[in-house]
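A.B. asks: Task: produce atomic coordinates for the following.
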Amino acid sequence: MNDERSSRLRDRRVQYETAGLDIDDVVSDPLEQWQRWHDEAFDAGLAEPNAMTLSTVDTEGNPDGRVVLVRGADPQGLTFFTNYTSAKSAQLAARPAAAATFAWLDLHRQVRLRGSVERLPEADSDAYFATRPRASQLGAWASPQSQPIASRAQLEELVAQVSERFSGDVPRPAFWGGWRLVPNVWEFWQGRPSRLHDRLRYRFSDGVWRIDRLAP
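C.D. replies: Have a look, this model is predicted:
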């Protein structure tokens with residue numbers, strides 16, 4: 001890497017100027033706090049405010065991460081959808097736990113969480129699949145997700161075949177559906193000047209959420 005590129009990485013600085021975050025500023029329920037921050041990110045016009053980096057571990061202990069879109073949030077957890085034969089689903093099936101990160105950098109905010117993961121009931125997956133655009137429904141059928149494919153042309157041919165197969169409504173494939181991440185730890189991060197950021201952690205213990213401030 002040349003000196004100019006190195007300096008772009010080494011010397012890049014953004015000073016976070018915000019009002020800060022204290023325990024008195026947040027609500028007792030971390031999901032409600034997340035929903036408030038998500039609403040503010042949405043209202044601020046941030047791209048894909050429901051995008052989270054989902055981190056898993058494979059059977060050999062290697063970490064893996066990718067961005068997925070959260071499609072539901074309620075007291076049971078956060079839900080997202082994918083192909084059940086994908087690499088992420090295989091990892092979740094083998095080790096049903098995950099971590100996730102939301103990065104709303106324009107607001108100098110980040111939310112981290114981790115917990116157990118479970119498959120959604122089929123009825124829930126059916127209901128969500130029915131709301132997807134037809135092209136996305138066909139894509140779910142056509143794509144052998146995470147598997148090697150010869151070319152883009154091959155993928156487009158698979159889509160054409162599926163489109164011809166389903167001239168009317170497109171049913172949900174049995175190999176596609178939802179997962180629910182059930183957090184037991186949340187962390188809310190607010191950027192502050194001089195890298196002295198505010199960090200509040202929620203931990204579920206003895207049936208209640210306990211909040212701690214963490215050093216930056």
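A.B. asks: Next secondary structure after the strand or helix carrying Phe80?
C.D. replies: Secondary-structure element containing Phe80, defined by DSSP states H and E: strand 77-83. Helices and strands here follow DSSP H and E; after strand 77-83, the next one along the chain is helix 87-94.
A.B. asks: If you count contacts, what does that next one end up packed against?
C.D. replies: Contact analysis of helix 87-94 by 3 or more C-beta pairs under 8 Å, 6 or more residues apart in numbering; DSSP states H and E lists strand 51-57, strand 63-69, strand 77-83 as its packing neighbours. Placement of C-beta: from N, CA and C, glycine included.
A.B. asks: and the angle for the last one with helix 87-94?
C.D. replies: Between strand 77-83 and helix 87-94, the angle comes out at 120 degrees (axes from the mean of the first three to the mean of the last three C-alpha atoms, to 10 degrees).
A.B. asks: which residue is nearest the middle of the chain?
C.D. replies: In the chain, the C-alpha closest to the average C-alpha coordinate belongs to Met52, at a distance of 2.7 Å (C-alpha atoms, centre = their mean).
A.B. asks: Could you list which residues are in contact with that residue?
C.D. replies: 67-70, 78, 80, 100-102 (C-beta atoms under 8 Å, 6 or more residues apart in numbering).
A.B. asks: and it, bridged to which residues?
C.D. replies: Per DSSP bridges, residues listed as beta-bridge partners of Met52: Val68.
A.B. asks: Can you give me the first-to-last residue distance of stretch 101-114?
C.D. replies: 9 Å (C-alpha to C-alpha, to the nearest Å).
A.B. asks: that older thread, now do the residue nearest to the centre of the chain, the pLDDT please.
C.D. replies: Met52 is assigned a predicted lDDT (pLDDT) of 98.
A.B. asks: For it, give its distance to Phe166.
C.D. replies: 31 Å (C-beta to C-beta, to the nearest Å).
A.B. asks: can you check Ala93 too?
C.D. replies: Spatial separation of Ala93 from Phe166 under the definition C-beta to C-beta is 27 Å.
A.B. asks: looking at this structure, which residue lies furthest from center?
C.D. replies: No residue in the chain sits farther from the centre than Asp3, which is 35.2 Å out by C-alpha atoms, centre = their mean.
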